[in-house]
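Sharing a model that was predicted from the sequence below.
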Amino acid sequence: MKKPTFRAAAFDDAALAADIMTAAFPREPADPVLTLERWQRGREDFIWGRFIAEVDGVPVAFLEWAHGPWEQLPERHCYVDVFLDLTYLSKTLLTQLWKWLEEEAGKQGALTLNASAGEEETELLGVLKAVGYERQRQDRVWILDLNAHGARLTAEAAAAREQVKAEGITLTTLSEWHDPDRVAKLFKLSEETRQDIPHSTPILPQPKEYFVNRMNAPDRRQDRWWLALDGDRPVAMSFLSFPPVRGHVWTGYTCCERDYRGRGIARAVKLQTLAQAVELAIPSVRTDNDSENAAMLHINETLGYESLPGYVNFVKRLHARALR
C-alpha cells in the first residue's frame, strides 16, 4: 500500500469524518450532526488540528489533535486521536498515521500526548505500545437494558422522587425551571463537580460561553435535562445525550454537590432520566465512568447496568528532539 497523504479537514468534511470514525469503531457510531457541532462550537480557548488521510485518493482515516492554553498546562498535554477505517486496517498504515500525528502535535509544542483505545481494539493497542505509549487509566463502560428493567426503573424513579421530596429536594426538568440565574447556577455546579472526576490530565475551567453552547447542543433537550433543587439552588443534575442521526443514547453527565452527597440524590435524579427514556421507548442507555469513580460505579451496579468493553487511556512523553 502506498504511503498516506494528509490534508486539513474543513467543516464540510464533518460528515465524512463521522463516517470514517464509525467505520473505524463500529460499536460507537459517530453522529455527523454532533461532529459538526463540536467542530463549529468547540471551546474557544482550545486549539485543534483535524486531518483526512488518503491513500490513492481514497479517504481512509481521520486524525485529530487538540490542546488547551499552554500557560495552563505545565506538562503541555495534547489529546491525539486516529480513526482508521477497518477496511484499510493494517499495522503498517496505523503506525504511519500515529507517527505522523505525533510529529504534528510536537510541532505545536506538545510535550505530553494523551490517547485512548477500546479494550477490544487489539491492533490499535499493539501499535500504541510499539510507538511508545504507556497505559495510564481505564474507563468502564456500561449498558442498561431498558426493555428488561423498564418497569422496575420507573417504579424506583417514582419512589426516589418521593424520598428526596421528604427531605425538601424537588426534582424537575430544566425546561420547567425558570430561575433567571439558572445558567450561572448550573455553570457553577458543573465547574465544581467536574474537578471531582478522577483524572490524570488537568481538567481546565470551561469558558461560560462553551457551557451555554453545550446546554443547547442538538443532542440535549431541556425537557430531558433533570435537576435536583433545594429551594432555588440546583444541587444535582443528570441528562442523557440523544444523537439526532445515529449512535447510542448515553448519559451525558450526572453530578451532585459535595454537601449533598450520600443522600441518594444523584441516584434519584439519574433515575428520572432513565424512567423518561423508558417512556420514550429507548431500548438501552450507555454510560462510562473512570474505574476509580467508586460512587458512580456503585450507582450503576444498583441500577442494573451491565459491563461492556471499556477504554484504555495512554500517555506518551515527548523528548525535546520531537519538538525540533
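Received, thanks.

Report pLDDT for Thr201.
In the prediction, the pLDDT value recorded for Thr201 is 80.

That one against Ala115, yeah?
No. Taking C-beta atoms under 8 Å as the contact criterion, Thr201 and Ala115 are not neighbours in contact, 11.3 Å apart. Placement of C-beta: from N, CA and C, glycine included.

Mind checking which of these two has more residues around it?
Ala115 (22 against 17; other C-beta atoms under 10 Å).

right, and Phe11 touches Trp39 too?
Yes. In this structure, Phe11 sits in contact with Trp39. The criterion is C-beta under 8 Å, and the distance is 5.9 Å.

More neighbours: which of those two?
Applying other C-beta under 10 Å to Phe11 and Trp39 shows that Trp39 carries more neighbours, namely 17 against 11.

how far away is that one from Val212?
For Trp39, the distance to Val212 under the criterion C-beta to C-beta, to the nearest Å works out to 18 Å.

which residues of this structure fall in strands?
In chain order, the chain shows strands spanning 5-8, 47-55, 58-67, 77-84, 112-118, 134-145, 170-173, 225-230, 233-241, 250-256, 284-290, 306-317, with DSSP state E as the criterion.

Now for the residue nearest to Leu303 when sequence neighbours are not counted, how many residues are close by?
When the adjacent residues along the chain are set aside, Leu303 lies closest to Leu144, with 6.4 Å between them (C-beta to C-beta, 6 or more residues apart in numbering). Here the neighbour count serves as a burial measure; for Leu144 (other C-beta under 10 Å) it reads 22.

Then Leu171?
For Leu171, the tally of surrounding residues (other C-beta under 10 Å) stands at 21.

got a pLDDT number for it?
Predicted confidence (pLDDT) for Leu171: 99.

Contacts for stretch 5-24, please.
By C-beta atoms under 8 Å, 6 or more residues apart in numbering, the list of residues contacting stretch 5-24 from outside reads 29-32, 35-36, 39-40, 49-55, 59-63, 83-87, 100, 246.

pLDDT of it, averaged?
Here stretch 5-24 scores 99 as its mean pLDDT.

That stretch: which residues count as buried?
With burial defined by 16 or more other C-beta atoms under 10 Å, the residues of stretch 5-24 counted as buried are 9, 13-24.

ok, now stretch 165-175?
Residues of stretch 165-175 classed as buried: Ile169, Leu171, Thr173, Leu174 (neighbour count, 16+ other C-beta under 10 Å).

ok now that stretch, how far from the chain's centre?
Between the centre of stretch 165-175 and the centre of its chain there are 27 Å (C-alpha atoms, centre = their mean, to the nearest Å).

Tell me what Arg140 is bridged to.
Residues in a beta bridge with Arg140, per DSSP bridges, are Asn289.

now the helices: where do they sit in the protein?
When secondary structure is read from DSSP state H, the chain shows helices at 14-24, 32-40, 91-107, 122-130, 146-165, 182-194, 208-215, 265-279, 294-303.

Among these, show me which one is buried the most.
Burial among the helices of the chain, expressed as mean neighbours by mean count of other C-beta atoms under 10 Å, is greatest for helix 265-279, which shows a mean of 23.

Can you tell me, leaving aside adjacent residues, what's nearest to the residue nearest in space to the middle of the chain?
For the chain, the residue whose C-alpha lies nearest the mean C-alpha position (C-alpha atoms, centre = their mean) is Gly252; its distance is 7.5 Å. Taking C-beta to C-beta, 6+ apart, and ignoring the residues beside it in sequence, Gly252 has Ser241 as its nearest neighbour in space, at 4.3 Å.
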